[in-house]
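In: heads up, no residue letters with this:
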């Protein structure tokens, strides 16, 4: 099972949805953050014999109430738990999640929390949904996916680099590892239309001019990038 995300270059990438186990473990790690915050803001003053007012307790607990919303908005779709597990909130239409999407996820998380039916609702929803979505994800048009590891330059191509290799397109230095990841995935899928669109986008970004076919051009870009970034 995978989630297809269409990028701004109109290229479809597939991500593996975060499993129920991943999401539960990420939540438990976030609860450890909650525990640390409670110990810091409440237990320490008590240990110092400082009287806690109701106003202080309410004020101290507010960050926990808005934790998910704040983290996902400022950490690009991740909480501390998601960062540790390598997962992230993404929009299914390929756009960048905005405050509205994060807000919807946060509001519906309240009714999906442990106090409501012991938290069984999101587990059932994620298990039954083909895109790994809980109710908040369905409402917001999002999903939580596993982030693929950063592109390893030694893995970009599956053939050895010739010792006398000559770079054909020096301007590949203008590309990023993320760009190369997209190029590599498009080549692996073997989609001719996607390869043509990706090649055109690479040429637009770098200013490279070439008469090579789309596949040959992208393969050359990968080889050149590997060479110039490992020298």
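Out: Cool, got the structure. None of these values were measured; they are calculated from a predicted model.
In: Which other helices and strands does the longest helix along the chain contact?
Out: Counting by DSSP state H, the longest helix found in the chain is helix 20-38. Helix 20-38 sits against helix 54-65, helix 67-74, helix 80-85, strand 87-91, helix 120-128, strand 142-146, with contacts defined as 3 or more CB pairs under 8 Å, 6 or more residues apart in numbering; DSSP states H and E. For the C-beta atoms, the positions are set from N, CA and C on the backbone; glycine is no exception.
In: what's the first one in contact with?
Out: If you take CB atoms under 8 Å, 6 or more residues apart in numbering as the criterion, helix 54-65 is touched by 34, 37, 38, 41, 42, 70.
In: OK, contacts around the fourth one?
Out: Spelled out, it's residue 41. residue 60.
In: Helix, strand, or coil at it?
Out: Look at residue 41: counting by DSSP: H, G, I helix; E, B strand; the rest coil, its state is helix.
In: ok, it to residue 138 distance?
Out: Going from residue 41 to residue 138 by CB to CB, to the nearest Å gives 34 Å.
In: Please determine how far the residue of the chain most remote from its centre is located from residue 199.
Out: Within the chain, the residue lying farthest from the chain centre (CA atoms, centre = their mean) is residue 49, at 43.9 Å. Distance, residue 49 to residue 199, by CB to CB: 69 Å.
In: Check residue 38 too.
Out: Residue 38 sits at a distance of 54 Å from residue 199 (criterion: CB to CB).
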